[in-house]
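Colleague: no FASTA, just this:
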């Protein structure tokens, strides 16, 4: 269903004990809902809480208090093993640093989530090939990361994130290590993936990157400062 909610955060707080009586309140009562097939950017300066919010959305961390429902399931009180299962099955991660295995070719890098999921080798290779073709790298499957450009490496990372057909694609500064032209190409790819029905959550501090999304959530001092639709579309070739 188009408007079915994938992410439901209600009054999420996150505090870190820095030793002694000092405590850092990274999130202060954040409430956010994200529906299926939305394309959302989370923005904020360093120290705003956006990375903490991303870690909670990505089930890499748990909130101190509040409710987090992912596809209708309460994940806010799950243990590490339960969170790992949700991450592996439901969330595709794309990082600024690509996080590829240097000694493995593109095909094997994309296969990794399927290995963890216990998928048979023949099916793994088929799905990994399909994902690489999906991002325009069908002719680079046996190239290792050092034989690929930065943009191609990020496409491998996107293929790896998509191979499990996750509920959301969570991208953390996906163009941060790319030149502007290559970064634009990756953002066009995200736009294409969204048109195909993928739910995309983009974390960035760059305004022009965030404007590729259809909605921008701005975080400041651990709170949602604004949550607005993007009215202006960037013009990319």
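Modeller: All right, it came through fine. Since this is a predicted model, take the numbers as computed values, not measurements. Residues are numbered from 1 along each chain as shown.

Colleague: Check the secondary structure at residue 68 for me.
Modeller: strand (DSSP: H, G, I helix; E, B strand; the rest coil).

Colleague: Find the residue closest to it in space, skipping its chain neighbours.
Modeller: Using CB to CB, 6 or more residues apart in numbering and skipping the chain neighbours, the partner closest in space to residue 68 is residue 76 (4.0 Å). (Glycine included, C-beta is placed from N, CA and C.)

Colleague: From residue 68, how far off is residue 74?
Modeller: 7 Å (CB to CB, to the nearest Å).

Colleague: who has more neighbours, those two?
Modeller: residue 68 (22 against 11; other CB atoms under 10 Å).

Colleague: A strand includes residue 37, no?
Modeller: No: under three-state DSSP, residue 37 sits outside any strand and is assigned coil.

Colleague: show me the contacts for it.
Modeller: 2, 194, 197-199 (CB atoms under 8 Å, 6 or more residues apart in numbering).

Colleague: Identify the spatial nearest neighbour of residue 18, chain neighbours not counted.
Modeller: Among residues not flanking residue 18 along the chain, residue 24 sits closest, at 5.8 Å (CB to CB, 6+ apart).

Colleague: Okay, and the beta partners of the one you found?
Modeller: Residue 24 has the following beta-bridge partners by DSSP bridges: residue 16.

Colleague: Burial check on it, number of neighbours?
Modeller: Residues near residue 24, counting by other CB under 10 Å, number 13.

Colleague: if I pick it, what's in contact with it?
Modeller: 15-16, 18.

Colleague: Identify, from those residues, the entry nearest to residue 102.
Modeller: Nearest to residue 102 among these: residue 16, at 32.6 Å, using CB to CB.

Colleague: Provide a list of residues in contact with the nearest residue to residue 48 once chain neighbours are set aside.
Modeller: Spatial nearest neighbour of residue 48, excluding adjacent residues (CB to CB, 6+ apart): residue 219 at 4.7 Å. Contacts for residue 219 were tallied using CB under 8 Å, 6+ apart; they are 30, 42-44, 48-50, 53, 225.

Colleague: quick one on the thing from earlier: among the contacts of residue 37, which are in helices?
Modeller: Among these, DSSP state H puts residue 194 in helices.

Colleague: Please pick the buried ones from the contacts of residue 37.
Modeller: Buried members of the contacts of residue 37, scored by 16 or more other CB atoms under 10 Å, are 194, 198-199.
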